[in-house]
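Asks: Any chance you can model this:
(4 chains)
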Number of protein chains: 4
Amino acid sequence: MNIAFLGLGRMGRGMAANLLHAGHTVTVWNRTRARAEEMKPLGARIADSPAEAARAGVVITMLADDHAVESAVFDDGGILSALPAGGLHVSMSTISVALSSRLADAHRAARQSYVAAPVLGRPEAAAAAKLLIIAAGPQEAIARVQPIFGAMAQKTIVISSTPPAANVIKLCANFFIASIIEALGESFALARKSGIEASKLLEVFTGTPYTAPLVATYGSLIAEGKFTPPGFLLPLGLKDVRLALAAADAAGAPLPIANLLHDRFLAAIARGHGEKDWSAIALLAAEDAGL
Amino acid sequence: MNIAFLGLGRMGRGMAANLLHAGHTVTVWNRTRARAEEMKPLGARIADSPAEAARAGVVITMLADDHAVESAVFDDGGILSALPAGGLHVSMSTISVALSSRLADAHRAARQSYVAAPVLGRPEAAAAAKLLIIAAGPQEAIARVQPIFGAMAQKTIVISSTPPAANVIKLCANFFIASIIEALGESFALARKSGIEASKLLEVFTGTPYTAPLVATYGSLIAEGKFTPPGFLLPLGLKDVRLALAAADAAGAPLPIANLLHDRFLAAIARGHGEKDWSAIALLAAEDAGL
Amino acid sequence: MNIAFLGLGRMGRGMAANLLHAGHTVTVWNRTRARAEEMKPLGARIADSPAEAARAGVVITMLADDHAVESAVFDDGGILSALPAGGLHVSMSTISVALSSRLADAHRAARQSYVAAPVLGRPEAAAAAKLLIIAAGPQEAIARVQPIFGAMAQKTIVISSTPPAANVIKLCANFFIASIIEALGESFALARKSGIEASKLLEVFTGTPYTAPLVATYGSLIAEGKFTPPGFLLPLGLKDVRLALAAADAAGAPLPIANLLHDRFLAAIARGHGEKDWSAIALLAAEDAGL
Amino acid sequence: MNIAFLGLGRMGRGMAANLLHAGHTVTVWNRTRARAEEMKPLGARIADSPAEAARAGVVITMLADDHAVESAVFDDGGILSALPAGGLHVSMSTISVALSSRLADAHRAARQSYVAAPVLGRPEAAAAAKLLIIAAGPQEAIARVQPIFGAMAQKTIVISSTPPAANVIKLCANFFIASIIEALGESFALARKSGIEASKLLEVFTGTPYTAPLVATYGSLIAEGKFTPPGFLLPLGLKDVRLALAAADAAGAPLPIANLLHDRFLAAIARGHGEKDWSAIALLAAEDAGL
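Replies: Got it, this is the predicted structure:
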C-alpha cells in the first residue's frame, strides 16, 4: 500500500520501519529532516511537507502532541487540503479527545476518511511490531488499514465507529498505569518508613497471583529508585493526565485519582524531577514521608 | 504437629482442613461452636475455649478483627496465660500493626514466640492450599512453622524478624488492590460517560501486556456491574483501609489514595452499597458521573 | 466620559446604570437587544454591534465568558478593529488568565490600551455601586478609568501593571469562597450526622471572633438547606473553578482543594443539583454521609 | 464556688487565674508542680494529686490530650473515684468525641455529673476572659457552672444535653480554621507563582466584604512567611485533625478536606516544619509550586 508516515520520534521510527519491512511503499516526513533521512536506507521516500506526503492517499500521523497534529492537518498546505477525496488519515499518537473529534468532522466535510488508532506499548514494542492498537472509525476505513495495523501491532482492538472513542480508551489506559505507579509509590513509602526493605514489598507484589508485568516493571523502578534514564519522560505523563482530565471534564465524569496525579506531576517538576521517568512521582510519596 | 486453630470463618475453615489433610493434630475453637463441630468429621478435636486450645503449644489465630484477637489472647483464660513457655502464637488474620506489635511484646515477656503471618488469597485459595503467606518473626520460630505454612500455602515470603512488618506488607497489598479497583472504577465511569461500551475498555485492560488476573477479575465485576454476591464484603474493605491509614499515620507516611478509598467506602455504605462486594465503590465514580 | 458598555446581564445592568447616574455618556450593546432597550429610559444610547459601540473610545466588557469576549473582540467587526488607536478596553467579567494575556498582546499590537478589572460582589452590590474592583494594567490607563471605577465600586485595588495579574487574583478570590463553602458543607455534614442541630454549629460559626459575612451567608444557606433561588448558579461556580485550575496548571502550582471542588461541581450537576446555588455542593458532603 | 482546676498549660493558667479573680476558691493541680506553685500568689490552693483536688466537688480539666485526661480520671486515685456523688466534672480541653462519650458514661454510672465544655480562643483570649465556650451536658449541670463559665468567657453557647456534641462542634471549628489556612496557602502559592506580590492578594482578602479576623490573621502570616514563633504548634494541628477524622469515621461522614489536611500536617513534619505554627502547612503548597 502507498502510505505516508508523519512523525519519526522514538515510536514512529519503529512503526515506519515495520511498514517498510512488510513491503509497503512508505513516504516519510519529519519536522527535523535528518530523522527522515535515516529512514532512506530502509527504502523510505522523503517528503518535504505534510502536504507532499499526503498525496499517498493514506496518511499516518504519529506526532508529538495536539499542536503538532493541528499544524500538520490544518495549516495551509496541510493534510486536509492535500489529501485526495477518498483519502484516509490514521491518527496514531496520543491526542485529545476534542482534537480527534474535530479531525473527524473536518475529514468528513472534506470527503476523506478518518480513523483514530492510538497505541499501547513502549518504543521497544514499536520496533518489534508488538504494539496494541486501539482503533475507532468507520468500519470500511478500518478494514482498509488492517494490513497496515498488522505490520505494526500484535493485536488491534476495534472500539467503535466513532473515532474519539479510541482516544478516550487510550487515555483511560495511560491514566490506569499512572494510577498504579502512584499506588505503588505510596505503598513503598509506607513500607520503607515502617523500616521494611523495599525488595520485600516488591517480592510480594511480583510473587503473587496479583502480579502483572506492569507492576513488576514499575515496582522494580520504584524499589530501586532507578528513574533515569527515563523510559517515558515525566512531563509526558503530565501531558497525558491533562488530556484525561480534559476528557473527563468534557464528559462530566470526576476522576479524583487523576487530579492527584496531575498535582503529583506538577509538584515533581517543581521539585526538580522533570528529567526523570514518570514513575518518579513515587519520590513525592517518599519525600512527604520524610524518606 | 500439635496445632490449635482459632477462627473458622470462610478462610479459616479451608486452612484448618488443609492442616488436617496434611496429617497434623488439630484442635479447633470457634466462638460459634457449631462451626467447630463441622470440622469433627475431618478429624479435628474441639476445644471449649482459646485457653484449652492453646495447650497444644502452637496456636494459630485466624479471627475476624483486632477485637476478637485481643479478646482471645488477653482475656482471663486467654492464649497468653494458657500457652506454655516456649509456645508459639501465629497470627494469620489481618490485624492492625499496633496490635501485632503489642502481641510481640506480650508474648516475648511471657517467654513465648510470636509470628505474624497474614495471608493473601480468597476463600477458594484457602480451601485449595494456594494461599500466599507473608511471614515475619524470629527466624527459629518461622523455621518451626514451615511445615504448617507448607500445608496451607503455595508460597511463603519471609519479610523480617520483626513481626509487625508482615502486617504492614499485608495492608500495603490490600491497599494496592483497592487502589486498582478505584482506578478501574474511574476509568469505566469515564469510558461509559463518553458513550463507550464497558466491554471494550475491559478488552483493552485484559488483552494487553499490562494485564493481571487482578485487573481481569475486578474489571469484569465492574464492567458487568456484578457486585453481589460479595466476594469480599465492602465493610471489610473499609476495615482494611482503616488499618492501612492507622499504620500510615503512625509511621508518618501520607497515603492520599487511601484517604480517597476511605471516603469511598464510607460513602458507599451511606449510599446503600454496604452489602455488596468491595469493588462496588466503582458505583460511586459512576453515580458521580450521572450514570 | 464617552463609554461603551457591552454585556447587560445581572451584573452589567447595575454597573451600566451607575455609569449613567454618574453622568457619563454610555452606549450599551447586548447580544439580546431587548436588554439594551431597557436601559434607554436611563439615558443609554444603543449600539447594533460591538464595533459600533467601540467607537466611544473606551469599551467595558462585562460578558458571560471567554467565548463571548473573544467573539466581541476578535470577530470581524469586533472591538479590536473598531477601537481607535489610543482607545481603551476594560475587561471586567471573569475570564481566563490566558485570554486576558492574549487581549493584552492584541491591544498592544493595535496601539490600544487594555486594563483587566474583574469585580468582587453580587448583583445587589453591582446595583448599589458597592463592588470591589481588582485592576491591573498600564498606570496611565488605570488613572484614566478611575472616574469610571469610582462610579461602580466602593473600592479599587490596583494589583500590577500586568493585566492578567488581576484575573489571577479574581480567580483566587472565587476559589477561596468556594473552599469555604466546601469546608462548611463538610462541617455541617459531620455535625448533623453526629446528631447535632445545624443551627447550633451555625451559632458557633457566626458568634465567634472567627466569623465573617461570607461564613454567615453561606453557613445560613447550608444550615437551612436553602439552595434556591440561586444567588450564583452552580455551573458558574464550575466555570470559575475550571479557570482557576487552568491558571494553576499553566503556572505550575497544584491546587488540591480546587481539584476537589471541580469534582464536587461535576458530581453536583450529575446528581441533579445544576439549577441550584453553588453552595449546593454542600449537599454532596451530606449525601455521602447518608443524610 | 469551690473548684478544682487541673492542667496549667498556656490556656489553663489564664483560665484558672480568672476564676481566682472572680472570687472562687480554686485548688489547682498540674503534673509539673512548679506551674501550680506559680498560682499560689494569686490565692490558689495546691493539690498533690487529681484525687485530692477532686474533693472540691467541681473539677475542671484543661489537660493536654486524651491520654492525660484518661489518666487523671481513670487511674487509681483519679477523679472518678475521688469525686463525691453529686460531684461535677467539666472537661474543657480538646479531646476525642469517643473519650468524651466514655467520660459521660463513667460519671453517670458513678452518680456524678459531666459537662463537655471545650473552648475557642488563643492563650491571650484565655488570659483576658474572652474565650468562647461550647458547652453540652445535662441542663442542671450547665446551670450550675454558669458562674464559672462567666468568669472565663465572653460567651457560652449551649449545644445539647449530650456532652460529646460539644466536642464534635469544637473539632468542626478547628477543622474549619485549618481548611481556611489550606485554602489561603493554595491561593498564595498560585498568586506568587503567577508573579504577583503576596501583599496584593492579602489586600484583596482583607479589604473586601468577604474578610474575617481569621483570614486577616492567617493571611498575614502566610503572606509574610512568618511561621515562628508558633501561635499554635503544627503537631497540635495534626492532633486536632486526627480527632476530627476519628469523629468523622465513627459517624460515617467523609471529610475530604480533613484528609488533605492530615497529609499536609504529616508531610510538613516530615519535611522539617514541625516546630512552626500550624499555618506553615502553607509552605507545602508553595514548595509544590517550586517556590
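
Asks: CA atoms for contacts and neighbours, from now on please.
Replies: OK.

Asks: hang on, residue A:158 packs against residue A:139?
Replies: No - in terms of CA atoms under 8 Å, residue A:158 does not count as a neighbour of residue A:139; the distance is 9.2 Å.

Asks: Settle it for me: which of the two has more neighbours?
Replies: Of the pair residue A:158 and residue A:139, residue A:158 is the one with more neighbours under other CA atoms under 10 Å in any protein chain shown, namely 19 against 13.

Asks: how about the spatially closest residue to that one that is not a sequence neighbour, secondary structure?
Replies: Of all residues not flanking residue A:158 in the chain, residue A:135 sits nearest, at 4.8 Å (CA to CA, 6 or more residues apart in numbering or on different chains). Assigned with DSSP: H, G, I helix; E, B strand; the rest coil, residue A:135 falls in the strand class.

Asks: which ones are touching residue A:135?
Replies: Residues near residue A:135 by CA atoms under 8 Å, 6 or more residues apart in numbering or on different chains: A:115, A:116, A:117, A:118, A:142, A:156, A:157, A:158, A:159, A:160, A:163, A:166.

Asks: Using PyMOL, define a selection of the buried residues within the residues you listed.
Replies: Under the burial definition 16 or more other CA atoms under 10 Å in any protein chain shown, those of those that qualify are selected in PyMOL by:
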select buried, chain A and resi 115+116+117+118+142+156+157+158+159+160+163+166
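
Asks: Closest one of the contacts of residue A:135 to chain C?
Replies: Nearest to chain C, judged by CA to the nearest CA, of these is residue A:166 at 23.4 Å.

Asks: burial count for residue A:235?
Replies: 19.

Asks: For the residue nearest to residue A:158, give its distance to residue A:166.
Replies: Residue A:135 is 6 Å from residue A:166, where distance means CA to CA, to the nearest Å.

Asks: Over to residue A:10?
Replies: Distance of residue A:10 to residue A:166, computed by CA to CA: 22 Å.

Asks: can you check residue A:103 too?
Replies: Distance of residue A:103 to residue A:166, given as CA to CA: 13 Å.

Asks: do the same with residue A:264
Replies: Look at residue A:264 and residue A:166: by CA to CA, they are 26 Å apart.

Asks: Once you drop chain neighbours, what's closest to residue A:266?
Replies: Nearest residue to residue A:266 in three dimensions, chain neighbours excluded: residue C:252, at 5.8 Å (CA to CA, 6+ apart).

Asks: Likewise for residue A:274?
Replies: residue A:234 (5.8 Å).

Asks: my guess is the one you found meets residue A:282, correct?
Replies: No - Residue A:234 lies out of contact with residue A:282 (CA under 8 Å); the separation is 11.3 Å.

Asks: For chain A, what lies in contact range of chain D?
Replies: A:266, A:267, A:268, A:270, A:271, A:287, A:288, A:289, A:290 (CA under 8 Å from any CA of the partner chain).

Asks: Drop anything exposed from those residues.
Replies: Neighbour-count burial (16+ other CA under 10 Å) applied to these gives A:266, A:267, A:268, A:270, A:271, A:288, A:289, A:290.

Asks: Among these, which lie within helices?
Replies: Counting by DSSP state H, the part of these found in helices is A:266, A:267, A:268, A:270, A:288.

Asks: which residues does the second one contact?
Replies: Residues near residue A:267 by CA under 8 Å, 6+ apart: C:252, C:253, C:254, D:287, D:288, D:289, D:290.

Asks: And the contacts of the longest strand belonging to chain A?
Replies: The single longest strand within chain A, with elements called by DSSP state E, is strand A:153-160. Residues external to strand A:153-160 that are found in contact with it (CA under 8 Å, 6+ apart): A:126, A:129-137, A:149-150, A:165-166, B:196, B:200, B:203-204.

Asks: what do you get for stretch A:192-201?
Replies: With CA under 8 Å, 6+ apart, stretch A:192-201 has contacts from A:188, A:191, A:223-224, A:289, A:291, B:159-160, B:165, B:168-169, B:251-253.

Asks: Helix, strand, or coil at residue A:228?
Replies: Taken by three-state DSSP, the conformation at residue A:228 corresponds to coil.

Asks: what's the answer for the one 3 residues further on, then?
Replies: For residue A:231, the secondary-structure state derived from three-state DSSP is coil.

Asks: Surely it touches residue A:280?
Replies: No - using CA under 8 Å, residue A:231 makes no contact with residue A:280, being 11.0 Å away.

Asks: more crowded one of those two?
Replies: Comparing residue A:231 with residue A:280 by other CA under 10 Å, the one with more neighbours is residue A:280, at 29 against 13.

Asks: Could I get the residues of chain A next to chain D in TSV, plus columns for pLDDT and distance to residue B:173?
Replies: Shown next, in TSV, are the residues of chain A next to chain D (pLDDT from 0 to 100; distance: CA to CA, whole Å):
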residue	pLDDT	distance to residue B:173
A:266	97	27
A:267	97	26
A:268	97	25
A:270	95	30
A:271	94	29
A:287	96	21
A:288	96	20
A:289	96	19
A:290	95	22
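
Asks: what about the strands in chain A?
Replies: A:2-6, A:25-29, A:45-46, A:58-61, A:88-91, A:113-116, A:119-120, A:131-136, A:153-160.

Asks: ok, so what distance separates residue A:237 from residue D:261?
Replies: Between residue A:237 and residue D:261 the computed distance is 26 Å (CA to CA).
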